[in-house]
Structures are given as C-alpha cells and as structure tokens.
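Colleague: Quick check, what structure comes out for this input:
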Amino acid sequence: MRWARTRYGGHTAFAIVEDEELVLVHGSPFGEYQRSATRLPLAGAALLPPVIPPTFYAVGFNYVAHNAEASARVSSVAIPKRPEVGYRAQSALIGHGEAVVKPADCTGPFEAEAELVAVIGRDVRRCSRDEAQASVFGWTIGNDVSARTWQRADRTLWRAKNSDTFKPMGPWIETDADPLGATTTVTLDGDKLAEFPTGGMLFDPYDYICAISRYITLRAGDVIWMGTDAMVEMPVGHTLGIEITGIGSLANPVTEESAP
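Modeller: Next up, the predicted model:
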C-alpha cells in the first residue's frame, strides 16, 4: 500500500494511492482511519511530505564509498564502528515537486544526498531485531540537501543541512517494499548521475532502530534517513531526481533566492 499526504479543499489529508488516484481518508495511517468517497487524480496532485515526523533522525557516513569521498573532499572521516544518529529540522521538509531554494548567500558546492527513509509505525523501546523489523510502517525517499561551504565553516549543521526547503521527502510511503534489495538512482533533468545498491550500508535500518530504542523511545511517524553512497551537485535551474526501486521517484527543481 502507498500512503501520501495532499491538500484538498484548503485542508491537509492523508490519502491512499490507488489506480493513479488518491483516495482521501479520514484519520491517519498510524491510527484509525476510514476511506472517504473523495478521489483525486494522482497526476497534478500536490504531494506533501508523506509524514511530519515527531522526531527527524538522520544517519551519516553509512556507506564505505561515501566515507572515502567525504574524506578526500572535506576532512578525514573515520568509518563508524557502531550505529550513531543525528537530527534534522522538520521545518526543512518539502514534498515531491516542490522547489529547493538555494539561499542567495550560499556559495560553493550545493549537493544532493539520495537517501532511503524508514518510517516508524509504532512506539518501540529496547527492541529486538525482530521487533525493529515489525516497527517499520514503510519506506520513502529523502534528499539530504547540503551546502558544503557552510558545513565546513559552522560548528554545527544548523544551516548547511537544515535551511528551509533543504529536506525533500516523498513522494509517498510504500509499505510493501524490500529496500535492502533495491537500487538507488540519481538523475539531473532525467540524465543518470549516480547509482548504488540501496542496501549496501554499514548498518541497516534495523541496526539503527535497535540502537536508538535502547535509549530513546521511537514513536509512530518518526523517520530515520539512512545515509547515501552518492553526493552530486544540484545546479540552479535544473531538476534533481531520486528513484529507489520498489518505492518510487522523488523529483525537485532547484531555484535560487532573490538577493535581499
């Protein structure tokens, strides 16, 4: 099943993607819901981030090739010996088709990081691996937009990773995917820039769920972005696309903020 969020009649609603249509529901996929009689064409629908997470977790340096590239370009990166996680800002989230806006004073490399996203479906604490697998509601796609000059200059990632529009996510949540056997492909205006095995991680989503839940209760609707094996430039005036087989495709045009 595929779950999306959309705008209809001035309101935001969850919807089931079915036969190229959105079937609006009353309620939430993380609780009780009822299908409504309202159906909208999927083509042309405004697809919002499929969930606004209570907590937005993000994994870094979870692929060997990414670690080597980051070490060569930015600074020496030690290969992680255990799952460790950071956070991103909900306010940076945008949906499929919405524009990534490069700030007027942002200079240097402006890059996309194509990421698998695990969506938690139930509260979980101190879980086993089997419980971690059962806790995943579904999967979506994220683009961890990164301003590298700011990433090097600032003590934290507050603007390099969290500026408005820097976190496209979508187009929907796919509940039946097998992402660890999938392929991630990154395109620019439809031309392939990079491709890698989605499951080629140092630590998989269930490793992270077990590690996080030892100390922090994961809640229904939380998301965990799983890192990337490709960093590609996002030039203004072009559209960056990310496809993960079995889940879908996320595409966002890149624009630039007008100088104040």
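Colleague: which residues of the stretch 101-250 of the chain fall in strands?
Modeller: 110-120, 136-143, 146-147, 167-174, 183-188, 191-197, 223-225, 231-233, 239-244, 248-256 (DSSP state E, counting those that start in this stretch).
Colleague: so which of those strands comes closest to residue 16?
Modeller: strand 167-174 (9.3 Å; CB to CB). Quick note: C-beta positions are derived from backbone N, CA and C, even for glycine.
Colleague: Please report how far the closest residue to residue 235 other than its chain neighbours lies from residue 189.
Modeller: If the residues on either side of it in the chain are set aside, residue 235 comes closest to residue 254, at 6.6 Å by CB to CB, 6 or more residues apart in numbering. Distance from residue 254 to residue 189, counting by CB to CB, to the nearest Å: 10 Å.
Colleague: circling back: pull the number of nearby residues for the residue nearest to residue 235.
Modeller: 21 (other CB atoms under 10 Å).
Colleague: check contacts around it.
Modeller: 99-100, 102, 110, 234-240 (CB atoms under 8 Å, 6 or more residues apart in numbering).
Colleague: residues shared between the contacts of residue 254 and residue 189?
Modeller: 238-239.
Colleague: Ramachandran angles for the residue nearest to residue 181 when sequence neighbours are not counted?
Modeller: With sequence-adjacent residues excluded and distances taken as CB to CB, 6+ apart, residue 181 is closest to residue 199, at 6.0 Å. Main-chain dihedrals, residue 199, degrees, to the nearest 10: phi -80, psi 0.
Colleague: Excluding chain neighbours, what is closest to residue 252?
Modeller: residue 168 (4.6 Å).
Colleague: Show me the beta-bridge partners of the closest residue to residue 85 other than its chain neighbours.
Modeller: Nearest residue to residue 85, sequence neighbours excluded (CB to CB, 6+ apart): residue 57, at 5.0 Å. Taking DSSP bridges, one obtains residue 87, residue 224 as the residues bridged to residue 57.
Colleague: Look at residue 57 and report its pLDDT.
Modeller: Looking at residue 57, its pLDDT is 98.
Colleague: cool, and the one 5 residues further on?
Modeller: Turning to residue 62, the model gives it a pLDDT of 95.
Colleague: how many other residues sit next to it?
Modeller: Neighbours around residue 62, by other CB under 10 Å: 27.
Colleague: Could I get the contacting residues of it?
Modeller: Per CB under 8 Å, 6+ apart, neighbours of residue 62: 80, 201-203, 226-228.
Colleague: Could you let me know which of those residues ends up closest to residue 137?
Modeller: residue 226 (15.1 Å).
Colleague: Quick check: chain neighbours aside, which residue is closest to the closest one?
Modeller: residue 116 (4.5 Å).
Colleague: That neighbour against residue 141, yeah?
Modeller: Yes: applying CB atoms under 8 Å, one finds residue 116 in contact with residue 141, separated by 7.1 Å.
Colleague: need the strands of the stretch 101-250 of the chain in a markdown table with mean pLDDT and distance to residue 44, can you?
Modeller: As requested, the strands of the stretch 101-250 of the chain are exported to a markdown table (pLDDT from 0 to 100; distance: least, CB to CB, whole Å):
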| stretch | mean pLDDT | distance to residue 44 |
| --- | --- | --- |
| strand 110-120 | 98 | 24 |
| strand 136-143 | 98 | 20 |
| strand 146-147 | 98 | 30 |
| strand 167-174 | 98 | 13 |
| strand 183-188 | 98 | 21 |
| strand 191-197 | 97 | 24 |
| strand 223-225 | 99 | 26 |
| strand 231-233 | 96 | 28 |
| strand 239-244 | 98 | 17 |
| strand 248-256 | 98 | 14 |
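Colleague: All set now, cheers.
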